[in-house]
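Student: Sequence below, structure please.
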Amino acid sequence: MSENVQFEREVLTTNEAVEILGLSKQTIYNYVKNGKLKLVYEDWQIDGTMKFYRDEIDRLQSTAERPTGITVLEAANQLGVSKATIHQYINSGKLSSEKVFIKGRNTSFIPSDEVHKLKATFLSNQNRKTYFSKNLAYCLFGLYIKRDSNEKARIIELNETGACVAKTNMGEFLNQEELVERGFYRAYELKQVKHSTKRGNIVFRFPFPQSINAPIFSLIDTFYQKIGIQNMNLYIDGNTIIAELKPVKLQYQPDRLEQDFEILQNCLQDGKLSSRPGLIIFSSNQEQLTTFVEDSMKVKIKQIAINHQLGIEEVTEKLIRIGLAEYEKKLDF
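Tutor: Okay, here's the model as predicted:
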């Protein structure tokens, strides 16, 4: 009876086992030697190949241990960067990796603790302006072109050291050195203006476009050229581009005004927009509120601001918000 059951079991060759498990033949041989995988026939040399029961291969596949660490894609998702940037980190020594043959191909695995440390570094620097390099040669999402060519590129990643990754209109990814070697240069000058003292910001959340020619990127070009880096901030949040602008009246080309105004209105998160012929007006939601408090209360607010490394006005606003929330619960003082 047991022999009939044995013959009914599906049998696989070594090559078939390799294909299913995504392992090398040598690894299969090692599994047999270590007793991790049983042979159908111990005298397999007669058949010219090792043979295995399909259910044994399935069992091994279901219990196969994944190498320690995380893949390049997983690291990219955790750090909020592209796979190309992760490979740059590996090549520069910022991250280490081990290539393992699994699922039929070589896959790089990165120690999880290294990724966590790098992420902590990113978080500690998240408030730094990293959307342009110190020498202003590179700016996040800025457009770069080549003379006598239709080739274009945009900086899609830029870190605090000035290292960047650019994407071309042909879908290539270039690092800073490759961008220079290929002859790309910035398509426009960044507007240099004084820092605006107007209160509040207008905040937009743009979906990250796939094409470097997308209208959203053209909007960012306009920000760089007309608003200036002193009165704006850009950063990436997952698959979203966050743009923060100071209140401003922006002169606009009539043929682009309607399209761009619609995009801005759809992506507006905080603030107000209005338009006039040849003009888009960006306004914040903040209004001035003047009040008087006791000296002791002012001292406490100052101390809170120091403890949290915030401005007094920002702390005061947050405290008012907390107080209003509590009042709305009770509708009484």
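
Student: Read off the pLDDT value for the most centrally placed residue in the chain.
Tutor: Centroid-nearest residue in the chain: residue 80, 2.6 Å away (criterion: C-alpha atoms, centre = their mean). What the model reports as pLDDT for residue 80 is 75.

Student: From residue 118, how far out is it?
Tutor: Distance, residue 80 to residue 118, by C-beta to C-beta, to the nearest Å: 11 Å. From N, CA and C alone the C-beta is placed, and that goes for glycine too.

Student: so who does residue 134 touch?
Tutor: Shown in contact with residue 134 (C-beta atoms under 8 Å, 6 or more residues apart in numbering): residue 162.

Student: Go again with 10 Å.
Tutor: The contact partners of residue 134, taken as C-beta atoms under 10 Å, 6 or more residues apart in numbering, are 160, 161, 162.

Student: before we move on, what about residue 274?
Tutor: 249, 261, 280, 281, 282, 283.

Student: Quick one: the strands in the stretch 101-250 of the chain, in order.
Tutor: With strands called from DSSP state E, counting those that start in this stretch, the stretch 101-250 of the chain shows them at 105-110, 143-145, 152-158, 164-168, 173-175, 185-186, 202-207, 232-237, 240-245, 248-251.

Student: quick one: strands adjacent to the second one?
Tutor: The strands that strand 143-145 pairs with in its sheet are strand 152-158 (antiparallel), strand 185-186 (antiparallel) (by DSSP bridges).

Student: Out of the ones you listed, which is closest to residue 257?
Tutor: strand 152-158 (23.2 Å; C-beta to C-beta).

Student: now the closest one: mean pLDDT?
Tutor: For strand 152-158, the mean pLDDT works out to 93.

Student: Measure how that strand sits relative to strand 232-237, angle-wise.
Tutor: 70 degrees (axes from the mean of the first three to the mean of the last three C-alpha atoms, to 10 degrees).

Student: what would the strands of the stretch 101-250 of the chain look like in JSON lines with mean neighbour count and distance to residue 312?
Tutor: Formatted as JSON lines, the strands of the stretch 101-250 of the chain follow (neighbours: other C-beta atoms under 10 Å; distance: least, C-beta to C-beta, whole Å):
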{"stretch": "strand 105-110", "mean neighbour count": "16", "distance to residue 312": "43"}
{"stretch": "strand 143-145", "mean neighbour count": "20", "distance to residue 312": "39"}
{"stretch": "strand 152-158", "mean neighbour count": "22", "distance to residue 312": "32"}
{"stretch": "strand 164-168", "mean neighbour count": "22", "distance to residue 312": "36"}
{"stretch": "strand 173-175", "mean neighbour count": "19", "distance to residue 312": "43"}
{"stretch": "strand 185-186", "mean neighbour count": "14", "distance to residue 312": "39"}
{"stretch": "strand 202-207", "mean neighbour count": "19", "distance to residue 312": "22"}
{"stretch": "strand 232-237", "mean neighbour count": "18", "distance to residue 312": "21"}
{"stretch": "strand 240-245", "mean neighbour count": "19", "distance to residue 312": "20"}
{"stretch": "strand 248-251", "mean neighbour count": "14", "distance to residue 312": "25"}
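
Student: Could you tell me the average pLDDT over stretch 267-282, please?
Tutor: The model assigns stretch 267-282 a mean pLDDT of 93.

Student: ok so, going back, okay, the strands of the stretch 101-250 of the chain in a markdown table with distance to residue 308 next?
Tutor: Output for the strands of the stretch 101-250 of the chain, formatted as a markdown table (distance: least, C-beta to C-beta, whole Å):
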| stretch | distance to residue 308 |
| --- | --- |
| strand 105-110 | 34 |
| strand 143-145 | 38 |
| strand 152-158 | 28 |
| strand 164-168 | 32 |
| strand 173-175 | 38 |
| strand 185-186 | 38 |
| strand 202-207 | 21 |
| strand 232-237 | 20 |
| strand 240-245 | 20 |
| strand 248-251 | 29 |
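
Student: closest one to residue 34 among those?
Tutor: Closest to residue 34 of the strands of the stretch 101-250 of the chain is strand 105-110 (C-beta to C-beta; 21.9 Å).

Student: contacting residues around residue 308?
Tutor: Counting by C-beta under 10 Å, 6+ apart, residue 308 has contacts 314, 315, 318.

Student: Of those residues, grab the buried ones for ChimeraX.
Tutor: To isolate the buried members of these in ChimeraX, using 16 or more other C-beta atoms under 10 Å:
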select :315
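
Student: ok, of the contacts of residue 308, which one's closest to residue 227?
Tutor: Closest approach between the contacts of residue 308 and residue 227, by C-beta to C-beta: residue 314, at 22.2 Å.

Student: Make sure the closest one is actually in contact with residue 305.
Tutor: Yes. Counting by C-beta atoms under 10 Å, residue 314 touches residue 305, with 7.5 Å between them.

Student: Other residues contacting the biggest helix by length in the chain?
Tutor: Determined from DSSP state H, the single longest helix within the chain is helix 312-330. Residues from elsewhere that reach helix 312-330 (C-beta under 10 Å, 6+ apart): 199, 286, 289, 291, 293, 297-298, 300-308, 310-311, 333.

Student: Out of the contacts of residue 274, who's the most crowded?
Tutor: Counting neighbours by other C-beta atoms under 10 Å, the top entry in these is residue 282, with 21 neighbours.
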